[in-house]
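Trainee: sequence and predicted structure, then a few things I'm wondering about:
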Amino acid sequence: MRTPVIAGNWKMHNTVDESLKLVRELKPLVAGVGGVEIVVAPVFTALDAVSAEINDSNIALSSQNVFWEEKGAYTGEIAPGMLKDVGCTYAIIGHSERRQYFNETDETVNKRVKAALKAGLTPIMCVGETLEEREGGKTIEVVSRQVKGGLAGLGSAEIDKMIIAYEPVWAIGTGKTATPEQAEEVHADIRRLVGQIAGAGTAAGIRILYGGSVKPDNVDVLMSQSDIDGALVGGAALQADSFARIVKFETK
Ligand code: PEP
């Protein structure tokens, strides 16, 4: 049984006060919801305040990125241990916006994943193809390369602790969601690939989230697919009521 994960990526939105307001609205809406891991990923500056606010709740904290060194002369970077220090238990790694705007590569994703695991953070490793790649029939090739690159050098005991998020770039923030069938096809391929890399047990247990314009009105059908184990949510995570509805998805 894979426990579903619903994670809200707040991206570069919300001051500390705005973040607190959002999480204060969210808490009562999801209080008592069990059987799902609920995660929010505020900006770095709001992590500490949000952490204190969710301390006694069923909501967990994630960063939106993490650096691979423990400390040193790396101006502007944040180490895994520093994220643990403020209460993070998850770290989003390799989001397509980081790959697109900040030169993130499969190699740097792999370094971040390893560092996060070493520090005891659960990596939410993002993969996904661009529209051009999908239209060129390269979806599986691209996603396989990203999965293999991100997991390079890791054993099954480490991969067991990870989460993978499949986020087609053309569906992020665009209102265009992959159809449940399109998403399921790639999720099943990712699971097969994880099986080849780390064995059947790891493949059966790993959570694979879908991301890309997940909303209250499409979450149920997405979550009804057998290989979709949760959602990484951007825009719809910025409103407490819509995120809470996504957390309370119903499978058919
Ligand atoms: C995301 O940021 O990971 C995302 C999927 O965004 P959105 O839900 O807005 O498409």
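Mentor: Everything's here; your move. Residues are numbered from 1 along each chain as shown.

Trainee: so what's the residue in the stretch 101-250 of the chain positioned nearest to the ligand closest to, chain neighbours aside?
Mentor: Nearest residue of the stretch 101-250 of the chain to the ligand, counting by CB to the nearest ligand atom: residue 234, 2.1 Å away. No exception for glycine: its C-beta is placed from N, CA and C like everyone else's. Take residue 234 and drop its neighbours on the chain: the residue closest to it by CB to CB, 6 or more residues apart in numbering is residue 9, 5.2 Å away.

Trainee: read off the pLDDT value for the residue of the stretch 101-250 of the chain closest to the ligand.
Mentor: As predicted, residue 234 sits at a pLDDT of 97.

Trainee: isn't it right next to residue 172, touching?
Mentor: Yes: counting by CB atoms under 8 Å, residue 234 does reach residue 172; the two are 6.5 Å apart.

Trainee: shared neighbours of the two, anything?
Mentor: Common neighbours of residue 234 and residue 172, using CB atoms under 8 Å, 6 or more residues apart in numbering, are 211, 213.

Trainee: so where's the stretch 151-252 of the chain shaky on pLDDT?
Mentor: Within the stretch 151-252 of the chain, no stretch has pLDDT under 70.

Trainee: picking up where we left off before, separation between the residue of the stretch 101-250 of the chain closest to the ligand and residue 42?
Mentor: 13 Å (CB to CB, to the nearest Å).

Trainee: the two: which is more packed in?
Mentor: residue 42 (28 against 21; other CB atoms under 10 Å).

Trainee: mind listing what's buried in the longest helix along the chain?
Mentor: Criterion DSSP state H: the longest helix present in the chain is helix 180-198. Buried residues in helix 180-198, counting neighbours by 16 or more other CB atoms under 10 Å, are found at 180, 182-187, 189-191, 193-194, 197-198.

Trainee: which strands or helices does that helix pack on?
Mentor: Helices and strands touching helix 180-198, by 3 or more CB pairs under 8 Å, 6 or more residues apart in numbering; DSSP states H and E, are helix 139-151, helix 156-159, strand 163-166, helix 200-205, strand 207-211, helix 219-223.

Trainee: in JSON lines: the ones you listed, plus distance to the ligand and mean neighbour count.
Mentor: Formatted as JSON lines, the helices and strands packed on helix 180-198 follow (distance: least, CB to the nearest ligand atom, whole Å; neighbours: other CB atoms under 10 Å):
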{"stretch": "helix 139-151", "distance to the ligand": "15", "mean neighbour count": "19"}
{"stretch": "helix 156-159", "distance to the ligand": "21", "mean neighbour count": "16"}
{"stretch": "strand 163-166", "distance to the ligand": "7", "mean neighbour count": "26"}
{"stretch": "helix 200-205", "distance to the ligand": "23", "mean neighbour count": "15"}
{"stretch": "strand 207-211", "distance to the ligand": "4", "mean neighbour count": "25"}
{"stretch": "helix 219-223", "distance to the ligand": "11", "mean neighbour count": "21"}
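
Trainee: what's the closest of the ones you listed to residue 28?
Mentor: helix 219-223 (20.1 Å; CB to CB).

Trainee: I would like the residues contacting the closest one, please.
Mentor: Here helix 219-223 has contacts from 4, 177, 180, 183, 210, 214, 228, 230-231, 245-246, 249-252, using CB under 8 Å, 6+ apart.
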